[in-house]
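[1] no sequence for this one, just the structure:
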């Protein structure tokens, strides 16, 4: 059996390897997934971790993280936008986006990232992936549900998980995300 690669793309703000593995559920999920036979989960510090510029993150995902047609990209927050933009340009096995949005929400730092200043290519994302999963929570304090609903309406994912009590998924463990990923392992 082939090894299934999963790359976790975190939200912006993780400025050191220790903060990355301690932030939210990233380190926990990385550990849990790497316990599964024939799974390789990658979690690395992203360059430009505060602004999370598309022009820096997407080449890094391609050239350093080696995201390809056999990779599942799991992106959270800014990492979700990176996963979606990546899938516009490259074939991947699938994307799982947690707390995605489609606008900069009026925040200068988000606007500077570059993800929101050109049209979203929804059809290309769909044609470059075997599956798309959206995970979000209606009580997210940073991203209104209407933003996530736009992602759902445009991508029409095979799988959508709406919670009403997970906020921005800023917990050290989120077993529901692990279970979603497990259903996508080949």
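    Here it is on my side, so go on. Small disclaimer: the values here were computed from a predicted structure and weren't measured. Numbering: from 1, shown residues only.
[2] where does the most centrally placed residue in the chain fall, helix, sheet strand or coil?
    The centroid of the chain falls nearest to residue 75 when counting by CA atoms, centre = their mean (0.9 Å). Here residue 75 is strand, with the state taken from DSSP: H, G, I helix; E, B strand; the rest coil.
[3] Report the beta-bridge partners for the closest residue in space to residue 74 that isn't next to it in sequence.
    Counting by CB to CB, 6 or more residues apart in numbering, residue 74 lies nearest to residue 96, which is 4.6 Å off, once chain neighbours are set aside. Quick note: C-beta positions are derived from backbone N, CA and C, even for glycine. Beta bridges link residue 96 to residue 74, residue 133, judged by DSSP bridges.
[4] Tell me, how many residues neighbour residue 85?
    Residues near residue 85, counting by other CB atoms under 10 Å, number 23.
[5] need the contact list for it.
    Applying CB atoms under 8 Å, 6 or more residues apart in numbering to residue 85 gives the contacts 54, 58, 115.
[6] separation between the nearest residue to residue 66 once chain neighbours are set aside and residue 73?
    Counting by CB to CB, 6+ apart, residue 66 lies nearest to residue 5, which is 7.9 Å off, once chain neighbours are set aside. Distance, residue 5 to residue 73, by CB to CB, to the nearest Å: 9 Å.
[7] go on, residue 84?
    9 Å.
[8] who touches both of these two?
    Each of residue 95 lies in contact with both residue 84 and residue 73 under the rule CB under 8 Å, 6+ apart.
[9] all helices for the protein, in order.
    Ranges of helices in the chain, per DSSP state H, are 17-22, 26-34, 54-63, 78-89, 108-112, 122-127, 145-155, 175-183.
[10] Where among the ones you listed is average confidence lowest?
    Among the helices of the chain, helix 17-22 carries the lowest mean pLDDT, at a mean of 89.
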